[in-house]
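1. Build me a structure from this.
(chains A and B)
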Amino acid sequence: MIVLTPLRKFQFPVMAECISPDVFQGKSRDEIASLTVYEGNRRKKLGNLFKIEKESAENLKITIKGDVNEVRRIGSGMKSGEIMVFGNVGMHLGHKMEGGKITVHGDVDGWAGSEMKGGLIEIQGNAGNYLASPYRGSSVGMRGGRIVVSGNIGTDSGASMQKGVIKIHGKAGHFLGFRMRGGVIHVEKDVGDRAGACMTGGKIVVSGSLESILPTFTIDKMKPKVKIDQNEKVTGPFYVFLGDRSENGKGKLFASKAANPHLSSFEKLL
Amino acid sequence: MTIVKSVTCPVCGCLCDDIELVVEDGKVEEVKNGCAICESKFIGYRGEHRVLKPKIRQNGKLVDTTLQEAVKKSAEILANANYPILYGWSSTSCEAQRVGVELAEEVGGVLDNTAVVCHGPSILGIQEVGIPSCTLGQVRHRADLVIYWGCDPWSAHPRHVERYTTFAEGRFEGSEWKGYLQKFKAAAGRKKIKRVMKQAPVKNPPSIEPVTPSEPPQKMKKDGRKLIVVDVRRTMTAEVADYFIQVEPNKDYELMEALRALVRDQELDVNSVAGISVECLEELVDIMIGCNFGIIFFGLGLTMSAGKFRNIDVAISLTRDLNMRTKFAIMPMRGHFNVTGSNTVFTWQTGYPFGVDFSLGYPRYNPGETTSVDVLLRRESDAALVIASDPVANFPKKAVQHLVKNPLIVIDPHMNATSLMADVVFPSAFVGIEVGGTAYRMDHVPLPLKKVVDPPEGVLSDKEILNRILEETRKIKLKQVEAA
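-> Numbers count the residues shown, from 1 in each chain, chains lettered A, B, ... in the order given. Predicted coordinates for the structure are as follows:
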């Protein structure tokens, strides 16, 4: 196991895609310390910024102790192993991740799990905007894996999602699941407006209140239970909306009946 | 006295190139064909706020210095910075912007232009779904349906309606100015009646205010050009429009989504969207589909209201859907005269239009991460160069606090709020008046800017100042490499 402790608080953005079990694999402590990172526009060695301790022979587990708000791309493209962070993490955590597990005991900045293909990200705190969303101009979002957030998430999360599961125990901002094509997003508390805009497939399940529903969604039926994945079902009852019809879409938006009395007017259309 | 013809106006994104200037004793004395803003720029550029000497901050005060000293100081600041910001660029020539890209690459900084607080969301929307656009010439000659959405050209781009859209006499579409003249007469008449009613109060006075019609008026069925304005308030452009749609604030996204569904012959479950009845929207869609060539111009009402770049995404998608039924185009109403140019030059040089981060040695782009306001709000930068812009007056307070805390270099013809907070100030010549160059119109047509008069003695162009800073920075960097 490798333990990284930041030597100071960073002012400039630190690009550290090398912090990944796949990169650390088979390297000695000194080799890991001499890996290249960028702090602002200066090239540095990982050992200049972090205290590196090697606690066991295998490097498949990395623990970061302390806030690394400015450190970006941790676990980028990782395929196996585990990263645990005790503190807040910067942007692009687990970007293009294919396997393994990342656990954060703190908050995470934007674009966590963006363009993710597999693996598991668990965030105990809050997550920023663009959780599991693709970068600018890209039309392919999350392609697999699972993200669990205990706190709230920002806006524009789960955009262009194709597969996988996102589970939020807190609230979500607006434009949740924009242009979603597949996969499941479950939010236990409130969701901002325009959820599921331009979606053509997949499921968004809102157990809390839904601020508003786009005029291009149409009510389909009521359902007592919804399946999130093989092991989990959420009990409702739920209003089931189909959309987004501006894209001739067949996505499903589930809104809890109990938490959304303002949607009761749709019942007469059933 | 000399008359200079076909001058391009360096004010807004319209870049009117039919301005005539009367120049006497090296000064512009008269402006013909221009709007009020154009005249104000050509006459007022020699105002009292003009800077004529480079300045440097010593003991907390800005004092005059030599150009060499200012260049040296700036180069030192930029060469030693770990994460500098190079911001502005929209009110200078493409030639200066090109040198700016070179400088940003040399110092490994964040290169950003004013689009970040203006039409940046439009660019993000375009990158998501593309843009079916055209030139303003095509609009002038062919457009029979003009929609201004969330913009007020009457106030912000005063000659836009006259030169490119409804009032212009095109080859295939005539001017509609006569109809609008009657409207203005009616508006003047209303004013008169109001005044009389004020002087002699009447019991239960009849309402003379124009009301927003609940459905498109009869004149929308007329031949010839039609003008529709969609806005949250009744602007001057809305006053002259054939049909004004008052949308609820921050509901543009819903409205356009509903229009898209109707264009695709889908039915809606609701009775009204954004305060407008669905019957009314159906008629609006009929008008849109029924035109031969429609164009949507959109402004900051769309890019900076709730939804931001998703609003542009849906506006472009609406245009795309309309193209299944008729010919439709869409265009952003760019503000600064060469903001389109800075996007074009940055894209040509780096691949990205704004918010380009060179800190890793190669260009990287991710608005929200590499854009100047976000960098400042996260307090990451340690120096800044601001050219042809005034972020201290426009940026959020917290961003400004961080901007002025670190070394700040300003290149601007005027003393503005940012120059007052700067550590080094360079006076520069006015692009399009004292120095020539190239600028891009809002429809991406490059136009030459003319040099009409000589700049004051010792005042250099933006390009020349940047070239000198770049040269000096390279020398310092070379020394640093040799020392290492």
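2. mind listing what residue A:140 touches?
-> By C-beta atoms under 8 Å, 6 or more residues apart in numbering or on different chains, the residues touching residue A:140 are A:115, A:134, A:160, A:162. Every C-beta, even on glycine, is put in place using the N, C-alpha and C of the backbone.
3. Nearest spatial neighbour of the second one, chain-adjacent residues omitted?
-> Beyond its immediate neighbours in the sequence, the residue positioned closest to residue A:134 (C-beta to C-beta, 6 or more residues apart in numbering or on different chains) is residue A:141, lying 4.7 Å away.
4. if you look at the contacts of residue A:140, which of them are in strands?
-> If you go by DSSP state E, these have nothing in strands.
5. Dump the residues you listed into TSV; add pLDDT and neighbour count as well.
-> Below are these laid out as TSV (pLDDT from 0 to 100; neighbours: other C-beta atoms under 10 Å in any protein chain shown):
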residue	pLDDT	neighbour count
A:115	92	21
A:134	93	20
A:160	94	22
A:162	95	17
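6. how about these in CSV, adding distance to residue B:195?
-> Shown next, in CSV, are these (distance: C-beta to C-beta, whole Å):
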residue, distance to residue B:195
A:115, 64
A:134, 59
A:160, 58
A:162, 65
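7. still on that earlier bit, am I right that the residue nearest to residue A:134 is in contact with residue A:159?
-> Yes: counting by C-beta atoms under 8 Å, residue A:141 does reach residue A:159; the two are 5.4 Å apart.
8. Give the residues shared as contacts by the two.
-> Joint contacts of residue A:141 and residue A:159 (C-beta under 8 Å, 6+ apart) are A:132-134, A:180.
9. Of the residues you listed, which pair is most distant in space?
-> A:134 and A:180 (11.6 Å; C-beta to C-beta).
10. residues bridging contact with the two, i.e. touching both?
-> A:141, A:159-160.
11. and which of the contacts of residue A:140 is nearest residue B:344?
-> Residue B:344 has its nearest neighbour among the contacts of residue A:140 in residue A:134, at 25.2 Å by C-beta to C-beta.
12. count of neighbours near the closest residue to chain A within the stretch 201-350 of chain B?
-> The stretch 201-350 of chain B approaches chain A most closely through residue B:260 (3.8 Å), counting by C-beta to the nearest C-beta. Residues within reach of residue B:260, counting by other C-beta atoms under 10 Å in any protein chain shown, total 25.
13. can I assume it sits in a helix?
-> Yes: membership of residue B:260 in a helix is supported by DSSP: H, G, I helix; E, B strand; the rest coil.
14. can you pull the contacts of the most centrally placed residue in chain B?
-> The residue lying closest to the centre of chain B (C-alpha atoms, centre = their mean) is residue B:335, at 1.5 Å. The contact partners of residue B:335, by C-beta under 8 Å, 6+ apart, come to B:12-13, B:90, B:114, B:118-119, B:156, B:300.
15. so what pLDDT did it get?
-> In this model, residue B:335 is scored at 91, pLDDT.
16. Same question for residue A:57.
-> 75.
17. Name the helix or strand for it, please.
-> Following DSSP states H and E, there is no helix or strand that holds residue A:57.
18. Buried residues, stretch A:54-73. List them.
-> Within stretch A:54-73, the residues that qualify as buried by neighbour count (16 or more other C-beta atoms under 10 Å in any protein chain shown) are A:54, A:59-73.
19. err, stretch B:362-370, not the other one
-> Those buried within stretch B:362-370 under the rule 16+ other C-beta under 10 Å are B:363-370.
20. neighbouring contacts of it?
-> Outside stretch B:362-370, the residues that reach it (C-beta under 8 Å, 6+ apart) are A:72, A:91, A:110-111, A:129-130, A:135-136, B:105, B:110, B:112, B:116, B:120, B:124, B:350-352, B:354-358, B:374.
21. What average pLDDT does stretch A:218-234 get?
-> Stretch A:218-234 carries an average pLDDT of 92.
22. Just confirm yes or no for that stretch near chain B.
-> Yes: using C-beta under 8 Å from any C-beta of the partner chain, we find that stretch A:218-234 touches chain B at A:218-219.
23. How far off centre is that stretch?
-> Centroid displacement of stretch A:218-234 relative to its chain, using C-alpha atoms, centre = their mean, to the nearest Å, is 22 Å.
24. Any residues of chain A in contact with chain B? List them.
-> A:11-13, A:15, A:38-42, A:70, A:72, A:91, A:110-111, A:129-130, A:135-137, A:139, A:156, A:174-175, A:178, A:194, A:197-198, A:214-219, A:244-246, A:248, A:266, A:269.
25. what number of residues lie near residue A:222?
-> 14.
26. make that residue B:351, sorry
-> 12.
27. need the contact list for it.
-> Contacts for residue B:351 (C-beta under 8 Å, 6+ apart) come out as B:363, B:365.
28. hmm, 10 Å instead?
-> B:362-365 (C-beta atoms under 10 Å, 6 or more residues apart in numbering or on different chains).
29. Quick check: phi and psi on the residue in chain A that chain B sits nearest to?
-> Closest to chain B within chain A is residue A:41: 3.0 Å, counting by C-beta to the nearest C-beta. Main-chain dihedrals, residue A:41, degrees, to the nearest 10: phi -100, psi 20.
30. Model confidence score at it, please.
-> As predicted, residue A:41 sits at a pLDDT of 93.
31. Going by neighbour count, which of the contacts of stretch B:362-370 are buried?
-> A:72, A:91, A:110-111, A:129-130, A:135-136, B:105, B:110, B:112, B:116, B:120, B:124, B:350, B:352, B:354-358, B:374.
32. Low-confidence ranges, the stretch 1-150 of chain A, go.
-> For the stretch 1-150 of chain A, no stretch has pLDDT under 70.
33. Going along the chain, name the strands of it.
-> Assigned by DSSP state E, counting those that start in this stretch, the strands in the stretch 1-150 of chain A fall at A:2-6, A:14-15, A:36-39, A:42-45, A:50-54, A:61-65, A:71-72, A:82-86, A:101-104, A:120-123, A:143-149.
34. Just name the most buried of these.
-> Across the strands of the stretch 1-150 of chain A, averaging neighbours per residue (mean count of other C-beta atoms under 10 Å in any protein chain shown) puts strand A:71-72 on top, at a mean of 27.
35. excluding its backbone neighbours, what's nearest the residue of the stretch 51-200 of chain B found nearest chain A?
-> As assessed by C-beta to the nearest C-beta, chain A sits closest to residue B:108 within the stretch 51-200 of chain B, at 3.0 Å. Counting by C-beta to C-beta, 6+ apart, residue B:108 lies nearest to residue A:41, which is 3.0 Å off, once chain neighbours are set aside.
36. quick one, what contacts that neighbour?
-> A:12-13, B:81-84, B:107-110, B:357-361.
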